[in-house]
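J.: Structure, please.
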Amino acid sequence: MKPEELRHKLRGVIAFPVTPFKPDLSLDIPGLRSNLQELVKHPFAALVAAGGTGELYSLTLAEHLSVVRTIAEEVNGKIPVIGGTGFNYKLGKELAEQVAAAGADAILVLPPYNLSADENGLLEYYVAIGKATPLPLFVYSRDWVNPTPAWVEKLAALVPSLIAWKDGQGDTRRHQQIIHRLGDRLYWIGGAGDDCVPGYSSIGIRTYTSSIATVAPKLSLQLHEVASSGHSEELLRLMKEYVTPLNAMRAHRKGKDMKSR
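T.: Residues are numbered from 1 along each chain as shown. Okay, here's the model as predicted:
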């Protein structure tokens, strides 16, 4: 899929399929296929394979390949598939190559494991992964990766395949500054959660990634439709009655202990 074609398809909601495991913590590929068969009944803009929600950091290289390949097979070209990568310079490149080999349409780069990497180190990390394959590149800016607009502009100049920026900070001020600096050079995605949809909508973002999509796909799509239509009262009602309670449930505890893996 050419970059411009992919950008055109992204408006709407991007869903993150959960990667299921069996009790012994081996992959549950039949369970993943079953979940995907339900997800693709809904008009999502794209799916992310082995992203954060998809357990990227809990997977071996072989498991990562299996997950991305399974999702690409089940989607079968209906919508774009974006494969996750991360860890470090070398593994990030390997995973990006696997994403391409598995039949995905683009790559989503999560932050590296090093929490104290300086700006030049971060730049080298993203440039290396971007050049590992010809696939379009998405950067997921979250946690300790919260760069200045000038740094993002420099990265975009070095990596022609970089086409999209996914905000994971929920900082609309910083995100808006980056948007104003780069304009339409990148496609802008709200990625900090469904509860940030009103804020993202207010600065003109019309694509967001949804964790709610995995449990309430119709709600995630409705949030996008209502926000894009400018119906602020209805959007606030959905937030109050559904999104806030779901987020409170999610905040009860983090995922199960994976030490045995």
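
J.: residue ranges with poor pLDDT in this structure?
T.: For the chain, the stretches flagged by pLDDT under 70 are 254-261.

J.: which residues touch the nearest residue to residue 119 once chain neighbours are set aside?
T.: Leaving aside its chain neighbours, residue 119 sits nearest to residue 151 (5.9 Å; criterion: CB to CB, 6 or more residues apart in numbering). Every C-beta, even on glycine, is put in place using the N, C-alpha and C of the backbone. By CB atoms under 8 Å, 6 or more residues apart in numbering, the residues touching residue 151 are 119, 122, 123.

J.: SS state for residue 84?
T.: Following DSSP: H, G, I helix; E, B strand; the rest coil, residue 84 is assigned to strand.

J.: helix or strand for residue 32, which one?
T.: Assigned by DSSP states H and E, residue 32 belongs to helix 29-39.

J.: List the buried residues of that helix.
T.: Within helix 29-39, the residues that count as buried by 16 or more other CB atoms under 10 Å are 29, 32, 35, 36, 39.

J.: Would you list the buried entries among the contacts of residue 151?
T.: So, by 16+ other CB under 10 Å, the buried ones in the contacts of residue 151 are 122, 123.

J.: mind giving me TSV with the contacts of residue 151 and columns for secondary structure and distance to residue 216?
T.: Below are the contacts of residue 151 laid out as TSV (DSSP: H, G, I helix; E, B strand; the rest coil; distance: CB to CB, whole Å):
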residue	secondary structure	distance to residue 216
119	helix	39
122	helix	35
123	helix	38
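
J.: Please identify the one among the contacts of residue 151 that lies nearest to residue 22.
T.: residue 122 (36.3 Å; CB to CB).

J.: This completes my enquiry, with thanks.
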